[in-house]
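Student: Here is my input; please provide its structure:
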Amino acid sequence: MSSDSDDPLTWDGDDDASTTPPSSTALPQGWKAVGKGSEEGEREAEAAAQGEVVDDEPAGLSTTMLLLLGVIGGVYLLYSVGWAIGGLRLKPLANLIVDDSMFLPWFVLAIAAPAIWFLTTWVLTRGRAAWIRISVLLLGVVLLVPWPFVTVGVIGS
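Tutor: Residues are numbered from 1 along each chain as shown. Got it, this is the predicted structure:
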């Protein structure tokens, strides 16, 4: 018998095995699954009969991969800021050569280029090896350097 202090935390029938959900989705003996997704049910039933564990969830990213993606994503964010600052510093000089209607779309595209590169790499290397994703992201780090910010800087000369 339980003590009075444990009574509010329990409910009659908590330990009843009939209320627990079934551990597998296998059909009873003699039944056959039909329709969409029936192949997976049959595969699970066969694996359960052989004592294997079927894990349909894809493995998540490793800690190292998450750390690398965070660092490279931060570099891309700084690159976007660098393109914005460097492009604004070059605007007076660009107005001597081109009109604002020509400068503005390329300015916006230059600011968005690091984010576009990151997202495109993420989507296109989805099922590939991790080293391919990292190498393409590092290639973007080299190619997308904000040269107006690097050469002119914030102050300019």
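
Student: after the helix-or-strand element of the chain with minimal mean pLDDT, next one along is what?
Tutor: Lowest mean confidence among the helices and strands of the chain (mean pLDDT, DSSP states H and E): helix 38-50, at a mean of 66. Counting by DSSP states H and E, the element after helix 38-50 in chain order, helix or strand, is helix 63-97.

Student: what packs against the helix or strand just after that next one?
Tutor: Counting by DSSP H and E, the next helix or strand C-terminal to helix 63-97 is helix 100-124. Applying 3 or more CB pairs under 8 Å, 6 or more residues apart in numbering; DSSP states H and E, one finds that helix 100-124 contacts helix 63-97, helix 130-143. For every residue, glycine as well, the C-beta is placed using N, CA and C.

Student: Show me which residues of helix 100-124 are buried.
Tutor: 103, 107, 110, 111, 113, 114, 117, 118, 121 (16 or more other CB atoms under 10 Å).

Student: and of the residues you listed, the nearest to residue 140?
Tutor: residue 117 (4.2 Å; CB to CB).

Student: I'd assumed residue 144 was in contact with the closest one.
Tutor: Yes: the pair residue 117 / residue 144 is scored as a contact, 6.1 Å apart, by CB atoms under 8 Å.

Student: list the residues that contact both of the two?
Tutor: Here residue 117 and residue 144 have residue 76 as joint contacts, going by CB atoms under 8 Å, 6 or more residues apart in numbering.

Student: rank the helices and strands packed on helix 100-124 by pLDDT, which is bottom?
Tutor: The weakest mean pLDDT among the helices and strands packed on helix 100-124 belongs to helix 63-97, with a mean of 91.
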